[in-house]
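In: Quick one: sequence plus predicted model below, questions after.
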Amino acid sequence: MGASNCGHRPHYAAWKRGVLSMRWWRELSFIVRRLIHRRHAERELDEEIKVHLELEIEQNVASGMSLEEARSAASRSFGSVALAKEDSRDMWGLRALEILLQDLRYGLRMLLKSPGFCAVTVVSLGLGIGVNATTFSLFNAAFLKTLPVDNPEGLVYISRGLGVSSYLNYLDYCKGNKLFSVLAAYSSGRHVTLTEQGQVRFVKAEVVSGNYFSVLAIQPAMGRAFIEGEDDRLGAEPTVMIGHAFWRRYFNSDPGLVGKQISLKENKVTVF
Amino acid sequence: MPKETRDGGQIDLLQGTLDMLILRSLLFGSLHGHSLAHHIQSTSGDVLKVDHGSLYPALQRLERRGWITSTWGTSENNRRAKYYRLTKEGRKQLIAESSKWERLTAAIARIMRPGREEC
């Protein structure tokens, strides 16, 4: 353990110094490029050195040496090919990555050697992070993120527990209401069929009371919201409000969609 | 390490000077590795002994620092060769290095030959 540690520390330090000093952004991109195209870079280097030696041999032959002499003179003037390649590869920073991997492997081995300590560490870290995340998400929900409606702290959700409220129930609530300034209703989880350009899709929809948008003070980005006493009277033309994502996905962000008719049909599904 | 007899009393390069010599050699145009090696050797009057192989790590290092760039081209006898060219940053670096070099050699000269201060 001691030996392997001492063995690679100096490289690591050298790597750190090299990267942190010079304009390291450019260097990093160089390293990443070499890393991604490692094979390619190696091949280029091989070819470069091969061409160098060939040119040198040719030049030597031209100056009167025999081919054999020219070869040995070329390799003498070049020095060690293997060393040149290895040193060049070191410049690509791949060594740094190899050392990082070594470090990781070493760390894992050390952890596996003392599983008890490892377990305690993992559990305490996990608990710490978990508690923090929970606290923050609670804080976020309670204080940071408010509902995107007018006066969210005055909004109250009423339901009959697990029971179902009908539209007639809602009308009764409205009639007997002395507690709240106004009531609005919605019913979610309906699946409807959208038929658009021959394509049939199942989408989710909500049915809402005519005053829904005015109570929540939500303004549509285009067109108008539902009007109470207009869109919700008996025999009124069915109207629909669609969301932005839906508009983009199914209508290709058609700016002329407002006022057009689309085909929506509530599904009648029998479950066996 | 003294390997074999060096012909004509060649001198090994001082450490750290190879980068500067490469930058200087590329000042007037792009060169490939082989011509670069011969340029350095012949310009020094065959005094400097440069292992041609040691150029390649140096070229990679200079490219990594952004001081030179490389492109593949065709060499004089129709071979595909990698040509190295000085970048703007490399030019700046060369100026910095050569002024540093001049100060260094002047300082060393003053120590080695204390009598001649006039230059």
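Out: Perfect, thanks for sending it. Residues are numbered from 1 along each chain as shown, chains lettered A, B, ... in the order given.
In: Do you have the strands of chain B handy? List them.
Out: In chain B, the strands defined using DSSP state E lie at B:11-12, B:31-32, B:48-49, B:68-74, B:80-86.
In: cool, and chain A?
Out: A:186-196, A:199-208, A:263-266.
In: Up against chain A, what does chain B have?
Out: Along chain B, the residues adjacent to chain A under the rule C-beta under 8 Å from any C-beta of the partner chain are B:32-34, B:37, B:51-54, B:56-57, B:59-61, B:63-66, B:75, B:77, B:79-82. Quick note: C-beta positions are derived from backbone N, CA and C, even for glycine.
In: low-confidence ranges in the stretch 151-272 of chain A?
Out: Low-confidence segments of the stretch 151-272 of chain A, defined by pLDDT under 70: A:162-163, A:267-272.
In: Tell me which residue in it sits closest to chain B.
Out: residue A:248 (42.9 Å; C-beta to the nearest C-beta).
In: one step back: among the residues of chain B next to chain A, which ones are buried?
Out: B:32-34, B:37, B:51-54, B:56-57, B:59-61, B:63-66, B:75, B:79, B:81-82 (16 or more other C-beta atoms under 10 Å in any protein chain shown).
In: about what we covered before: dump the strands of chain A to CSV, plus distance to chain B and mean neighbour count.
Out: CSV is the format used below for these (distance: least, C-beta to the nearest C-beta, whole Å; neighbours: other C-beta atoms under 10 Å in any protein chain shown):
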stretch, distance to chain B, mean neighbour count
strand A:186-196, 53, 13
strand A:199-208, 51, 12
strand A:263-266, 60, 12
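In: okay if I get those as CSV plus distance to residue A:50?
Out: What follows is the strands of chain A, written out as CSV (distance: least, C-beta to C-beta, whole Å):
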stretch, distance to residue A:50
strand A:186-196, 63
strand A:199-208, 60
strand A:263-266, 70
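In: wait, residue B:33 sits on residue A:52?
Out: Yes: taking contacts as C-beta atoms under 8 Å, residue B:33 lies within contact range of residue A:52: 5.1 Å.
In: any common contacting residues for those two?
Out: Common contact partners of residue B:33 and residue A:52 (C-beta atoms under 8 Å, 6 or more residues apart in numbering or on different chains): residue B:52.
In: Same question for the longest helix seen in chain B: list its buried residues.
Out: Longest helix in chain B, counting residues (DSSP state H): helix B:88-112. For helix B:88-112, the neighbour count (16+ other C-beta under 10 Å) marks B:90, B:93-94, B:97, B:101 as buried.
In: Relative to chain A, which of these is nearest.
Out: Ranked by distance to chain A (C-beta to the nearest C-beta), the buried residues of helix B:88-112 are led by residue B:93 at 10.1 Å.
In: Quickly note the distance from the closest one to residue A:26.
Out: 13 Å (C-beta to C-beta, to the nearest Å).
In: go on, residue A:54?
Out: Counting by C-beta to C-beta, the gap from residue A:54 to residue A:26 is 32 Å.
In: and the nearest residue to residue B:63 once chain neighbours are set aside, how many neighbours?
Out: Distance criterion C-beta to C-beta, 6 or more residues apart in numbering or on different chains; nearest residue to residue B:63, sequence neighbours excluded, is residue B:70 at 6.1 Å. For residue B:70, the count of nearby residues is 18 (other C-beta atoms under 10 Å in any protein chain shown).
In: what's the least confident helix or strand in chain B, going by average pLDDT?
Out: strand B:11-12 (a mean of 77; mean pLDDT, DSSP states H and E).
In: which residues of chain B score low on pLDDT?
Out: B:1-8, B:15, B:116-119.
In: ok, for the spatially most central residue of chain B, nearest residue in space, not its chain neighbours?
Out: In chain B, the residue lying closest to the centroid (C-alpha atoms, centre = their mean) is residue B:21, at 2.0 Å. Nearest non-adjacent residue to residue B:21, counting by C-beta to C-beta, 6+ apart: residue B:40, 5.3 Å away.
In: okay but that neighbour is in contact with residue B:50, surely?
Out: Yes: Residue B:40 is in contact with residue B:50 according to C-beta under 8 Å; the separation is 5.5 Å.
In: Break chain A into its domains for me.
Out: Following automatic domain parsing, chain A resolves into domains at A:2-113, A:118-145, A:185-266.
In: Just put those domains in JSON lines and tack on distance to residue B:28.
Out: Compiled in JSON lines, these are given as follows (distance: least, C-beta to C-beta, whole Å):
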{"stretch": "domain A:2-113", "distance to residue B:28": "20"}
{"stretch": "domain A:118-145", "distance to residue B:28": "60"}
{"stretch": "domain A:185-266", "distance to residue B:28": "58"}
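In: Let me know which of those domains is tucked in deepest.
Out: domain A:2-113 (a mean of 14; mean count of other C-beta atoms under 10 Å in any protein chain shown).
In: could you check whether that one is close to chain B?
Out: Yes: contact of domain A:2-113 with chain B (C-beta under 8 Å from any C-beta) involves A:22-23, A:26-27, A:30-31, A:44-45, A:47-49, A:51-52, A:54-56, A:58, A:77-81, A:83-85, A:87-88, A:90-93.
In: I'd like the average pLDDT over that domain.
Out: The average of the pLDDT scores along domain A:2-113 is 79.
In: Quick one: distance of that domain to the chain centre.
Out: Relative to its parent chain, domain A:2-113 has a centroid offset of 35 Å by C-alpha atoms, centre = their mean, to the nearest Å.
In: Also stretch A:234-250?
Out: 30 Å.
In: can I have it written out in CSV, keeping just the CAs?
Out: Taking C-alpha atoms only, stretch A:234-250 is exported to CSV below (Å, rounded to 0.1, in the frame of the first residue of the first chain):
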residue,chain,number,x,y,z
LEU,A,234,-76.8,25.2,-20.8
GLY,A,235,-76.5,24.7,-24.6
ALA,A,236,-73.4,26.8,-24.9
GLU,A,237,-70.8,25.9,-27.5
PRO,A,238,-68.2,23.6,-25.9
THR,A,239,-64.9,25.5,-25.4
VAL,A,240,-61.5,24.3,-24.5
MET,A,241,-58.3,25.9,-23.2
ILE,A,242,-55.1,24.2,-24.1
GLY,A,243,-51.7,24.4,-22.5
HIS,A,244,-48.5,25.6,-24.1
ALA,A,245,-46.8,22.3,-24.4
PHE,A,246,-49.9,20.7,-25.8
TRP,A,247,-50.2,23.6,-28.4
ARG,A,248,-46.6,23.1,-29.5
ARG,A,249,-46.8,19.3,-29.6
TYR,A,250,-50.1,18.7,-31.3
